[in-house]
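J.: with the input below, show me the fold.
(2 chains)
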Number of protein chains: 2
Amino acid sequence: MFEFELIHEEGQARVGIFNTYHGKIKTPVFAPVGTQATVKTVTPDQLLDLKASLVLSNTYHLYLRPGDELIASLGGLHKFMHWDKPILTDSGGYQVFSLASTRKVDDDGVTFRSHIDGSTHRFTPEQSIRIQENLGADIIMAFDECADPNNFEYIKTAMDRTHEWAERCLKARKRKDQALFGIIQGGIDPNLRIRSAEFISNLPFEGIAVGGLSVGESKQDMYNILDTLEPHMPRSKPRYLLGVGTPEDLINGIARGIDIFDCVLPTRLARHHAAFSTEGRLNLMNASFASDPQPIDKECQCYTCKNFSRAYIRHLVVAKETLASTLLSIHNLYSLVNLAEQIREMIKSGIFLDNIPNLLNTWGQNSKRKIQVM
Amino acid sequence: MFEFELIHEEGQARVGIFNTYHGKIKTPVFAPVGTQATVKTVTPDQLLDLKASLVLSNTYHLYLRPGDELIASLGGLHKFMHWDKPILTDSGGYQVFSLASTRKVDDDGVTFRSHIDGSTHRFTPEQSIRIQENLGADIIMAFDECADPNNFEYIKTAMDRTHEWAERCLKARKRKDQALFGIIQGGIDPNLRIRSAEFISNLPFEGIAVGGLSVGESKQDMYNILDTLEPHMPRSKPRYLLGVGTPEDLINGIARGIDIFDCVLPTRLARHHAAFSTEGRLNLMNASFASDPQPIDKECQCYTCKNFSRAYIRHLVVAKETLASTLLSIHNLYSLVNLAEQIREMIKSGIFLDNIPNLLNTWGQNSKRKIQVM
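T.: Numbering: from 1, shown residues only, chains lettered A, B, ... in the order given. Got it, this is the predicted structure:
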């Protein structure tokens, strides 16, 4: 189990299959985020229909509500949310550190206050693993400290702590049916990143995650760090870039050897009426779509684009109908799931690297084809 | 076209098939309400999956937003909302009369203010037909005046006006592919109702609708009026009870010869976390469901009940996830669509009348099995 079959490489880009107890994950892959045990506004059947193969859920949120023990008593997260394919949970580290003023870190763990009711809680590496074992995802994460990338002095402290915690997580795990991934930290300091990559890579994790990126640094800094890290990560293990997943990041990340991505962007954009498209990002609230009979994206094969016009979706947005969020979420999620799949096929044919400029031109933030409506 | 095949009768209850340009409607039937060209929180595919065969949409709302002419220019309501089965539109009469203080009725029509932006508009019988022809539903309604059932003096005025408007609607219609239904009014005065039934039945409508019920009168008054009306409505035309559709009303209405029902209740209850069930109405916000592994209703075959626990739906409600509304809407809509289908089979077997007490015991508001959580 947890074998990672590397099928094809083109430059640093890789095509693989990661085997889990709930099925094979074809990489590169984009994982929709289901923070509270639901990918917002879509059903599991709609996720299957848009070809999602891996869903992420958040340990911090599920621990607080409804509680990991409740989920365990109901048969685990797969059964709870009716998703029989692979699930990945984060460690709760990133969420806890996002709480800024209401948390206190020490070498043993973190004490924090619930964003729901202000009650006090404590996460340690052992506690994070225990919660993730209760939830029962196929891929779980070591507990890490994600420091502010601009706080250069603190970054080393956080990295050292992440390394100690990584070892404690490996020791604490009991279940054999979950792949445990270690997390590389080190901010945007190349030397710290290399040290962290080598430390984490030398531990018996089933996969390697890159944390602490897309947290305030520039895009170029992020890509530089990925370039720095690539030669120091084992080829034989899947690599996961935590919380990153704009279309542009997907293209650039895959080119730098990343296999797994997740991001709340597709569903968050949907709730703000925005859609990815090969014409650039569209805001469906825009009056210019009021009588537009075209689908969001003529080239898209999702349920939304096959069946509904921009005019209809704009009507739903203006009328404040939640079906707008559902249809936009389906489209945005499909766009990224399908982009990863398209790139997978390109790598297999050895044409991905040559196509990066085209892909970025079509999907990138700076695409000339972008209609600036956001 | 618009043939109504009466297949079987048991007492006053009827099983039929109504033929429209978008397919056959098996009656008795419950029509989900898609006020703004969407049944709230569910996709057309989910409506097909829960076996809906007829959807109602509101002329008043679509006229104001996005506009009936826009919908016509995009190919009509079926294409706009991606629903290729029969659609019914109301006349706008009921909605306009609900505006109370901001509308003014005269013998020619009604002047009213938009609830969206306060702008002034006018509906006449001719205008209502023109809008409904633009929308292009399979079943359209004559423009009527729905008076307060407790305003006995005014009811006759409104009824007479409804009769004049019925004749004007028949004259105004141009399309041949829409079934036009006349509407019986007359409040809760049996004599007026009989006069109205006879007047409307003598006009060349393709179906007969009963308006002005479930608007403030008692349930018993409503059932008495249906009893009064039944012998005065033609057997050969489908009969539609406007805006009525609790499970109890469905059972009692079918027993009194009604074929078509619609009601916003299933989706409205869903947004308030409530579900129909054979154990009575449940409120999924209730803490007693927090760890309940059962489906909403063990006897239900809907997508929600086949795949999700009460505990999961309660979690979604508490976490304010809109998937709760979707799953509850699917369940509530299926419950009524399926109840109509079950009764249809019972009538065909001649066992419906004997089963009314059982059905009311299971589904009625006053069911002893009801868990009082609403």
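
J.: the bottom helix or strand of chain A by mean pLDDT?
T.: helix A:93-98 (a mean of 85; mean pLDDT, DSSP states H and E).

J.: elements contacting that one?
T.: When contacts are defined as 3 or more C-beta pairs under 8 Å, 6 or more residues apart in numbering or on different chains; DSSP states H and E, helix A:93-98 sits against helix A:59-64, strand A:103-105, strand A:110-113. C-beta: built from backbone N, CA, C; applies to glycine.

J.: tell me the most buried of these?
T.: helix A:59-64 (a mean of 24; mean count of other C-beta atoms under 10 Å in any protein chain shown).

J.: average pLDDT for that one?
T.: Averaged over helix A:59-64, pLDDT sits at 97.

J.: re the thing from before, show me what counts as buried in the least confident helix or strand of chain A.
T.: By 16 or more other C-beta atoms under 10 Å in any protein chain shown, the buried positions in helix A:93-98 come out as A:93, A:94, A:95, A:96, A:97.

J.: on the three-state scheme, residue A:19 is what?
T.: Here residue A:19 is recorded as strand under DSSP: H, G, I helix; E, B strand; the rest coil.

J.: for the one 5 residues further on, same thing?
T.: Of the three states, residue A:24 takes strand under three-state DSSP.

J.: the closest residue to it other than its chain neighbours pairs with what?
T.: Once flanking residues are discounted, residue A:24 sits nearest to residue A:17: 5.1 Å by C-beta to C-beta, 6 or more residues apart in numbering or on different chains. The partner list for residue A:17 in beta bridges (DSSP bridges) reads residue A:5, residue A:26.

J.: wait, doesn't residue A:17 sit right on residue A:28?
T.: No: judged on C-beta atoms under 8 Å, residue A:17 makes no contact with residue A:28 at a distance of 11.3 Å.

J.: with neighbour numbers in mind, choose between those two.
T.: More neighbours surround residue A:28 than the other of residue A:17 and residue A:28, with 27 against 14 (other C-beta atoms under 10 Å in any protein chain shown).

J.: returning to what we had before: how about JSON lines for the buried residues of helix A:93-98, with distance to residue B:12 added?
T.: What follows is the buried residues of helix A:93-98, written out as JSON lines (distance: C-beta to C-beta, whole Å):
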{"residue": "A:93", "distance to residue B:12": "67"}
{"residue": "A:94", "distance to residue B:12": "65"}
{"residue": "A:95", "distance to residue B:12": "61"}
{"residue": "A:96", "distance to residue B:12": "65"}
{"residue": "A:97", "distance to residue B:12": "69"}
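
J.: out of these, which comes closest to chain B?
T.: residue A:95 (14.8 Å; C-beta to the nearest C-beta).

J.: quick check: that closest one touching residue A:58?
T.: Yes: using C-beta under 8 Å, residue A:95 makes contact with residue A:58 at a distance of 6.2 Å.

J.: what residues of the longest helix along chain A count as buried?
T.: In chain A, taking DSSP state H as the definition, the longest helix is helix A:323-348. By neighbour count with 16+ other C-beta under 10 Å, helix A:323-348 contains the buried residues A:323-341, A:343-344, A:346-347.

J.: cool, and stretch A:42-61?
T.: In stretch A:42-61, counting by 16+ other C-beta under 10 Å, buried: A:42-44, A:46-47, A:50, A:52-61.

J.: filter the residues you listed down to the ones in helices?
T.: Secondary structure defined by DSSP H assigns A:44, A:46, A:47, A:59, A:60, A:61 of the buried residues of stretch A:42-61 to helices.

J.: for the nearest residue to the third one once chain neighbours are set aside, give me its contacts.
T.: By the measure of C-beta to C-beta, 6+ apart, the closest residue to residue A:47 outside its immediate chain neighbours is residue A:39, 6.0 Å from it. Residue A:39 sits next to A:32, A:33, A:47, A:52, A:55, A:267, A:329, A:333 when contact means C-beta atoms under 8 Å, 6 or more residues apart in numbering or on different chains.

J.: can you name the two of these that sit furthest apart?
T.: A:55 and A:329 (13.1 Å; C-beta to C-beta).

J.: hey, what's residue A:282 bridged with?
T.: Bridge pairing for residue A:282 - DSSP bridges - gives residue A:275.

J.: what separation do you get for it and chain B?
T.: 18 Å (C-beta to the nearest C-beta, to the nearest Å).

J.: one more: residue A:258?
T.: 29 Å.
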